[in-house]
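> Show me the folded form of this:
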Amino acid sequence: MTTTNMDFTSPGPRITGRRHGAWLLEARELLRLAIPLAATQLAQMAILATDTLMLGHLNPAALAAAALANTVFFFCWLLGTGPANAVSAMVAHAVGASRAHHMGVRAATRMGLWSAALMVPPLLCVLLLTRPILLALGQQPALAADAGRYMSTLCLGLPFALVFQVQRNFATSVSRPLAPMLVMGLAVLFNAAGDYTLIFGHFGAPRLGLPGAGLASACSNLFSVSAMGAVILATPALRRFRITRRLLRPDWGRLKEVFRLGTPIGLTTIFEVMLFNSATLEMGLLGTASLAAHQIAITIPSLTFMVPLGIGLAATVRVGLAAGAGDRAAARRAGFTAMAIAALFMAFMSVLLIAFPRAIAQAWIPAGHDDVIALTVSFLHVAAAFQIVDGLQVTAAMALRGLKDARAPMWIAGASYWLAGFPVCIALGFGLHWAGLGIWIGLAFGLLVAAVALGWRFAWLSKINRSRAPAR
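Below is the predicted model:
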């Protein structure tokens with residue numbers, strides 16, 4: 001028999017039972033969360049894509065400098081959002097475990113905000129050292145200097161970016177994913193207008209170039225936090241949790257859990273993202289054309305990746321809801337449903353990338369840069385090959401996060417990307433002199449290893465865990 005347990009402040013009904021209908025019901029509930037979450041992720045990526053598009057029309061050197069600066073910014077952002085992302089699993093477990101969950105939700109969210117405040121000062125110090133960091137990594141002095149100028153304004157948005165992650169995870173985990181989606185949609189428009197105004201000096205504004213792009217992105221992060229705060233106050237289903245009540249009162253146990261779960265979550269993501277960022281640095285050693293082509297090409301699979309990432313974020317909530325209630329079968333079903341949906345979507349994206357690589361490349365950079373376009377096309381062919389495994393690895397990792405299994409996925413990610421993927425990048429790109437194409441094949445290999453290992457981990461852990469999810 002298949003039933004649903006409905007609580008309208010929960011992340012959808014928990015699906016119980018073992019018949020085939022339970023899988024369809026789970027898919028429906030997962031998509032109800034995943035669609036707005038994926039749209040939110042796409043909107044966040046659209047801000048970066050807008051910067052890339054407009055800087056590409058400024059000049060390839062500006063695009064290359066922004067690419068280098070973003071490697072540093074996203075390293076810090078990922079470290080900071082690790083604890084913020086732990087809020088989703090903690091809130092979902094609180095909701096699944098008890099109907100009297102308001103205090104647990106409020107405490108987890110409040111400590112998520114604390115984690116953001118604690119992470120900002122050291123991360124800002126790193127961002128302000130962007131130029132010397134890039135010089136130490138062997139980048140060209142002119143590109144490093146431009147990257148430092150871009151970061152001088154971009155870094156102002158980091159505190160707001162971290163707070164928004166906490167706000168978004170809170171809203172999503174209590175079944176209000178549309179609110180952050182709408183806020184991010186408005187933020188994309190805000191950022192595009194800011195880029196157009198500040199990069200090129202329109203509407204009487206000064207022509208700031210690279211620093212203008214960073215300032216526009218920082219202001220869009222401030223806008224997101226302000227708008228999301230207004231939405232929380234204006235929405236009764238969100239306002240009832242009073243997440244800022246007694247904001248300065250510590251809950252040491254939950255703060256410890258936020259960092260205990262969040263630190264390996266952040267490091268897991270860093271292992272993957274920094275592999276791709278290391279590829280950006282390697283491309284910088286190959287020249288401006290390779291670096292510009294890489295930045296354009298990596299933006300495309302980064303956009304497609306946002307959909308399975310949204311599905312994975314929904315899986316964290318759905319798996320956490322079932323795990324909090326001690327329902328092993330429902331947790332397993334939620335995780336595998338997410339993986340299947342993600343694989344289907346990424347298969348479709350793979351077909352598109354194979355069919356239209358040149359048209360995609362030409363949309364990102366003006367005519368006259370044939371060398372950049374040719375390199376971009378070759379990179380997009382590799383991106384088409386790794387779409388499915390990329391979708392599987394992220395949904396598997398997020399499903400494990402719903403089981404509060406954070407430490408093992410961290411080690412799996414580290415081994416997959418840095419003991420498997422990175423050596424192949426170096427061997428093919430520089431050892432066999434395949435240049436950028438070899439580096440991209442190494443990226444694909446790392447993703448394949450991660451997908452197999454993380455998928456196996458979820459299959460094994462959800463099968464043997466018969467009572468409750470492990471706290472890792």
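> tell me the pLDDT at residue 13?
What the model reports as pLDDT for residue 13 is 56.
> can you count the residues close to residue 226?
13 (other Cβ atoms under 10 Å). Glycine gets a C-beta too; all of them are placed from N, C-alpha and C.
> starting at the chain centroid, how far to the helix or strand containing it?
In this assignment (DSSP states H and E), residue 226 forms part of helix 210-234. Centroid separation for helix 210-234 versus its chain: 18 Å, with Cα atoms, centre = their mean, to the nearest Å.
> Any idea how far whichever helix or strand comes after it is from the middle of the chain?
Of the helices and strands lying after helix 210-234 in sequence (DSSP H and E), the nearest is helix 236-239. Centre-to-centre, helix 236-239 and its host chain are 26 Å apart (Cα atoms, centre = their mean).
> Give the buried residues for helix 236-239.
residue 238 (16 or more other Cβ atoms under 10 Å).
> Next SSE downstream of it?
Next element after helix 236-239 (DSSP H and E): helix 252-286.
> packing partners for the helix or strand just after that following helix?
Following helix 252-286 in sequence order, the next helix or strand is helix 288-324 (DSSP H and E). Where contact means 3 or more Cβ pairs under 8 Å, 6 or more residues apart in numbering; DSSP states H and E, helix 288-324 is packed against helix 20-58, helix 60-97, helix 158-173, helix 252-286, helix 328-355, helix 357-362, helix 370-402, helix 435-464.
> Mind doing that once more with 6 Å?
helix 20-58, helix 60-97, helix 252-286, helix 328-355, helix 370-402 (3 or more Cβ pairs under 6 Å, 6 or more residues apart in numbering; DSSP states H and E).
> Using neighbour counts, pick out the buried residues of the third one.
Residues of helix 252-286 classed as buried under the neighbour-count rule (16+ other Cβ under 10 Å) are 254-255, 257-284, 286.
> do the first one as well
Within helix 20-58, the residues that qualify as buried are 22-23, 25-27, 29-56, 58, counting by 16+ other Cβ under 10 Å.
> Which strands and helices lie in contact with that helix?
strand 14-16, helix 60-97, helix 178-200, helix 210-234, helix 288-324, helix 328-355.
> 7 Å instead?
Using 3 or more Cβ pairs under 7 Å, 6 or more residues apart in numbering; DSSP states H and E, the elements in contact with helix 20-58 are strand 14-16, helix 60-97, helix 158-173, helix 178-200, helix 210-234, helix 288-324, helix 328-355.
> Distance to residue 141 added to those, as a markdown table?
Formatted as a markdown table, the helices and strands packed on helix 20-58 follow (distance: least, Cβ to Cβ, whole Å):
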| stretch | distance to residue 141 |
| --- | --- |
| strand 14-16 | 57 |
| helix 60-97 | 11 |
| helix 158-173 | 25 |
| helix 178-200 | 23 |
| helix 210-234 | 15 |
| helix 288-324 | 13 |
| helix 328-355 | 35 |
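> Determine which of the helices and strands packed on helix 288-324 approaches residue 431 most closely.
Nearest of the helices and strands packed on helix 288-324 to residue 431, taken as Cβ to Cβ: helix 252-286 at 12.3 Å.
> where does this protein dip in pLDDT?
Along the chain, segments meeting pLDDT under 70 span 1-20, 49, 96-101, 366-368, 464-472.
> Surely residue 292 and residue 59 touch.
No. Counting by Cβ atoms under 7 Å, residue 292 sits too far from residue 59 to count as a contact (9.6 Å).
> which of these two has more neighbours?
When residue 292 and residue 59 are compared for neighbours, residue 292 comes out ahead with 28 against 13, by other Cβ under 10 Å.
> dump the residue contacts of the residue lying closest to residue 307 once chain neighbours are set aside.
Leaving aside its chain neighbours, residue 307 sits nearest to residue 38 (4.5 Å; criterion: Cβ to Cβ, 6 or more residues apart in numbering). Each residue near residue 38 by Cβ atoms under 7 Å, 6 or more residues apart in numbering is listed here: 306, 307, 310, 311.
> rewinding a little: and residue 404, which of the helices and strands packed on helix 20-58 is closest to it?
helix 60-97 (5.7 Å).
> Show the subsequent helix or strand relative to the closest one.
Downstream of helix 60-97 (by DSSP H and E), the next one is helix 102-127.
> ok now that following helix, how far from the chain's centre?
18 Å.
> how about it: buried residues?
102, 104-116, 119-120, 123-124, 126-127.
> Which other helices and strands does that helix contact?
helix 60-97, helix 158-173, helix 252-286.
> Now residue 285: closest residue in space, sequence neighbours ignored.
residue 138 (6.7 Å).
> May I have the secondary structure class of that neighbour?
coil (DSSP: H, G, I helix; E, B strand; the rest coil).
> quick one: it and residue 438, what's the gap?
Per Cβ to Cβ, to the nearest Å, residue 138 is found 19 Å from residue 438.
> The two: who's more crowded?
Between residue 138 and residue 438, counted using other Cβ under 10 Å, the more crowded position is residue 438 (20 against 10).
> Who are the contact partners of the residue lying closest to that one once chain neighbours are set aside?
In this structure, residue 438 finds its nearest non-sequential neighbour in residue 428, 2.9 Å apart by Cβ to Cβ, 6+ apart. Applying Cβ under 7 Å, 6+ apart to residue 428 gives the contacts 434, 438, 441, 442.
> What count of nearby residues applies to the last one?
So the one you mean is residue 442. Residue 442, neighbours per other Cβ under 10 Å, totals 27.
> Next up, the contacts around it.
Going by Cβ under 7 Å, 6+ apart, the list of residues near residue 442 reads 421, 422, 424, 425, 428, 429.
> Check for me that the fourth one belongs to a helix.
So the one you mean is residue 425. Yes. Looking at residue 425 with three-state DSSP, it is inside a helix.
> How much space separates the closest residue to it other than its chain neighbours from residue 448?
Distance criterion Cβ to Cβ, 6+ apart; nearest residue to residue 425, sequence neighbours excluded, is residue 442 at 3.0 Å. Shown here: residue 442 relative to residue 448, a distance of 11 Å by Cβ to Cβ.
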